[in-house]
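[1] sequence below, structure please.
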Amino acid sequence: MNSTLALLLFCLLCLAMLMLPFIPAVSEWRTPRDHSPLPISRQYANEIDYFTHQFRNDALADIAGARADGKFDYVNGPPEQMSWMDGTRPLIGLEVVHSAAGIRCNRPLYLHADLDCGDNSSLTSVLSNGTIQLGSNGEILEWGHADGSITLGAGCVALRRLSSEVSIELGGRCCFERLSAPTIRLGKTTATAPKKLVSHMPASLNDLPGAIRRTDTLTLVKGNCRLADGHHYTGSLIVTGNLTIGHHTVVNGNVKVRNAVQVGRSACITGSLICENRIDLRDNATVAGPLISETDIVLGSGTTIGRVDAPTTISADNLVAKTGAIVHGAIWARKVGVVWEP
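    Numbers count the residues shown, from 1 in each chain. Just a heads-up that it's a prediction; the model follows:
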């Protein structure tokens with residue numbers, strides 16, 4: 001074999017080896033096989049109602065008789081006589097389900113009307129076109145959604161996600177992870193409205209000790225900072241240390257803090273409050289914008305986050321809400337959230 005032929009064979013061999021990695025791509029391009037959407041784990045889907053849409057569509061198709069495979073079973077009797085734990089296929093209930101005793105169901109449940117369960121109920125996942133009501137010490141293990149309101153009694157656990165088109169109300173000692181509704185009531189609301197100052201003393205953020213004016217509407221304070229009681233501040237504030245906002249004080253702007261934040265009783269922040277560490281809101285405090293902490297958030301009794309016409313978000317590793325706190329929007333407790341009832 002002469003040297004020219006050997007060189008030619010060597011070049012062809014190298015070219016063949018270089019083409020090997022492209023064979024799967026060319027094959028997939030000519031005859032697509034991997035074109036369906038990838039499955040998303042219930043734990044990592046960002047949209048809180050992601051699984052609601054698909055489950056509703058499948059259930060309605062089964063009710064209409066459009067599915068020949070019949071992947072659903074039906075609730076066919078009084079709840080007390082129903083074998084909720086028998087079987088593996090999802091359940092469809094076409095009428096109101098009301099049970100004084102607890103319901104323990106280990107499969108997805110779709111309800112065309114209201115669901116009212118007694119104490120110690122356990123549901124894997126549930127979707128209701130009406131309302132959902134669980135007695136005390138119940139649990140929803142994966143997700144739950146209602147077109148109406150959702151009410152959980154004392155000591156209930158809502159793992160993963162819970163959403164409503166109207167409202168969510170959690171009793172004392174309830175634990176949760178993700179909640180989403182126009183109005184979320186954490187524990188019993190206070191019967192009497194707190195006293196509010198008729199007028200606030202105007203003050204400037206630029207007059208604070210150590211204040212550095214960054215722009216016309218932004219002030220930086222290096223180190224710790226305290227806003228006096230009963231004052232009204234206009235503008236956004238960045239604090240590199242700890243921040244204490246006095247009682248009945250109003251901040252008309254956004255607040256960002258590196259260390260801890262304490263917001264006094266009946267204080268108000270009209271923008272967002274973002275902190276790298278713990279946020280402590282005392283009773284009847286108000287934050288209109290997003291409330292975000294990388295560690296812990298404590299909501300005092302009667303605190304209000306967001307507005308009905310402008311829902312917002314709470315995000316923290318751990319969230320403790322004293323009874324009577326109200327949130328408009330979404331809550332995400334990455335580790336655990338609890339309604340504290342003394």
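[2] who touches the host helix or strand of Ser125?
    Using DSSP states H and E, Ser125 falls within strand 122-128. Residues from elsewhere that reach strand 122-128, judged by Cβ atoms under 8 Å, 6 or more residues apart in numbering: 51-52, 55-56, 59, 102-111, 113-115, 117, 132, 134, 138-148. Just so you know, the C-beta spots here come from the backbone N, C-alpha and C atoms, and that holds for glycine as well.
[3] all helices of the stretch 151-300 of the chain, in order?
    Read by DSSP state H, counting those that start in this stretch, the stretch 151-300 of the chain holds no helices at all.
[4] isn't Ala330 up against Glu177?
    No - Ala330 is not in contact with Glu177 according to Cβ atoms under 8 Å; the separation is 11.5 Å.
[5] if we can go back for a sec, how distant is the strand holding Ser125 from the center of its chain?
    Centre-to-centre, strand 122-128 and its host chain are 17 Å apart (Cα atoms, centre = their mean, to the nearest Å).
[6] where does the stretch 1-150 of the chain dip in pLDDT?
    Filtered on pLDDT under 70, the stretch 1-150 of the chain yields the residue ranges 1, 35, 37-50, 66-70.
[7] strands of that one, start to end?
    73-74, 91-93, 97-98, 104-105, 109-111, 115-116, 122-128, 132-134, 139-146, 150-152 (DSSP state E, counting those that start in this stretch).
[8] between those strands, which gets nearest to Asn284?
    Nearest to Asn284 among these is strand 150-152 (23.8 Å), distances taken as Cβ to Cβ.
[9] and the closest one, what's buried?
    Buried positions in strand 150-152, judged by neighbour count with 16 or more other Cβ atoms under 10 Å: Ile150, Thr151, Leu152.
[10] if we can go back for a sec, mind checking which of the contacts of strand 122-128 are buried?
    Listed as buried from those are 51-52, 55-56, 59, 102-103, 105, 107-111, 114-115, 117, 132, 134, 138-140, 142-146, 148; burial here means 16+ other Cβ under 10 Å.
[11] isn't Ser164 up against Trp143?
    No - contact criterion Cβ under 8 Å: Ser164 and Trp143 do not qualify, at 11.9 Å.
[12] returning to that earlier point: turn the strands of the stretch 1-150 of the chain into CSV, including distance to Asn252.
    Listed next are the strands of the stretch 1-150 of the chain as CSV, based on distance: least, Cβ to Cβ, whole Å:
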stretch, distance to Asn252
strand 73-74, 56
strand 91-93, 50
strand 97-98, 49
strand 104-105, 50
strand 109-111, 45
strand 115-116, 44
strand 122-128, 41
strand 132-134, 39
strand 139-146, 36
strand 150-152, 34
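[13] any idea which of those gets closest to Arg334?
    Once the strands of the stretch 1-150 of the chain are compared by Cβ to Cβ, strand 139-146 is nearest, at 16.4 Å.
[14] okay, now the sheet partners of that closest one, with direction.
    Applying DSSP bridges, strand 139-146 is found paired with strand 122-128 (parallel), strand 157-164 (parallel).
[15] now those strands as CSV including mean neighbour count and distance to Thr240?
    Rendered in CSV, the data for those read as follows (neighbours: other Cβ atoms under 10 Å; distance: least, Cβ to Cβ, whole Å):
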stretch, mean neighbour count, distance to Thr240
strand 122-128, 23, 45
strand 157-164, 22, 35
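[16] how many residues are close by His98?
    By other Cβ atoms under 10 Å, the residues close to His98 number 14.
[17] tally of neighbours for the nearest residue to it once chain neighbours are set aside?
    Spatial nearest neighbour of His98, chain neighbours left out: Asp116 (4.4 Å); criterion: Cβ to Cβ, 6 or more residues apart in numbering. Look at Asp116: counted by other Cβ under 10 Å, it has 19 neighbours.
[18] and Asp116, what does it touch?
    The contact partners of Asp116, taken as Cβ under 8 Å, 6+ apart, are Val96, Val97, His98, Ser99, Thr131, Gln133.
[19] wait, isn't the second one in contact with Gly118?
    No - proximity of Val97 to Gly118 does not meet the contact threshold set by Cβ under 8 Å, at 11.3 Å.
[20] okay, those two: which has more neighbours?
    Taking other Cβ under 10 Å, Val97 and Gly118 do not tie; Val97 has more neighbours (23 against 19).
[21] quick one: the more buried one from Met82, how far?
    9 Å (Cβ to Cβ, to the nearest Å).
[22] who touches both of those two?
    Common neighbours of Val97 and Met82, using Cβ under 8 Å, 6+ apart, are Val75.
[23] joint contacts of Val97 and Gly118?
    Taking Cβ under 8 Å, 6+ apart as the criterion, Val97 and Gly118 both touch Ile103.
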